[in-house]
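show me the folded form of this:
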Amino acid sequence: QVQLVESGGGLVQAGGSLRLSCAASGRILRINTMGWYRQGPGKQRELVATITSGGSTNYPDSVKGRFTISRDNAKNTVYLQMNSLKPEDTAVYYCNADIVGTIYRDTNNYWGQGTQVTVSS
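Prediction:
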């Protein structure tokens, strides 16, 4: 089995910073694209950032220039550095990854359990 475990959420004032981490564990042969999504109160889940195994990144305009996604392939871990946080960034943040398993060598998509980020004004 494969698990994604997030950490690093919390409460921060507007303008502050937080760093989220997500570690993948289990029968992992390879991890392809990893990403972060968020779901605010009463909103649909939305993309925050993605990063390929080669390091190419993608951000929506809402976080571009403020958030930075990175990954450590040796640790099967993805990070999200969030700077200049705004109250509208308040949401549950979810880690996501496309992972190739060791047993059947097939690719499956996995989600973490989510971590709460609250930005006060």
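
so what's the residue nearest to Thr118 when sequence neighbours are not counted up against?
Nearest residue to Thr118 in three dimensions, chain neighbours excluded: Leu11, at 4.7 Å (Cβ to Cβ, 6 or more residues apart in numbering). Yep, even glycine has a C-beta here, placed from its N, CA and C like the rest. Residues near Leu11 by Cβ atoms under 8 Å, 6 or more residues apart in numbering: Thr118, Val119, Ser120.

10 Å instead?
Leu18, Thr90, Gln116, Val117, Thr118, Val119, Ser120 (Cβ atoms under 10 Å, 6 or more residues apart in numbering).

in which helix or strand would I find it?
Per DSSP states H and E: Leu11 is located in strand 10-13.

the next helix or strand after that strand: which residues count as buried?
Under the assignment DSSP H and E, the closest C-terminal helix or strand after strand 10-13 is strand 18-26. The neighbour-count check on strand 18-26 (16 or more other Cβ atoms under 10 Å) flags Leu18, Leu20, Ser21, Cys22, Ala23, Ala24 as buried.

from Gly112, how far off is the third one?
Separation of Ser21 from Gly112 (Cβ to Cβ, to the nearest Å): 10 Å.

overlap in contacts, these two.
Joint contacts of Ser21 and Gly112 (Cβ under 10 Å, 6+ apart) are Val5, Glu6, Ser7, Val78, Cys95.

OK, contacts around the last one?
Which is Cys95. Applying Cβ under 10 Å, 6+ apart to Cys95 gives the contacts 4-7, 20-24, 34-37, 77-78, 80, 110-115.
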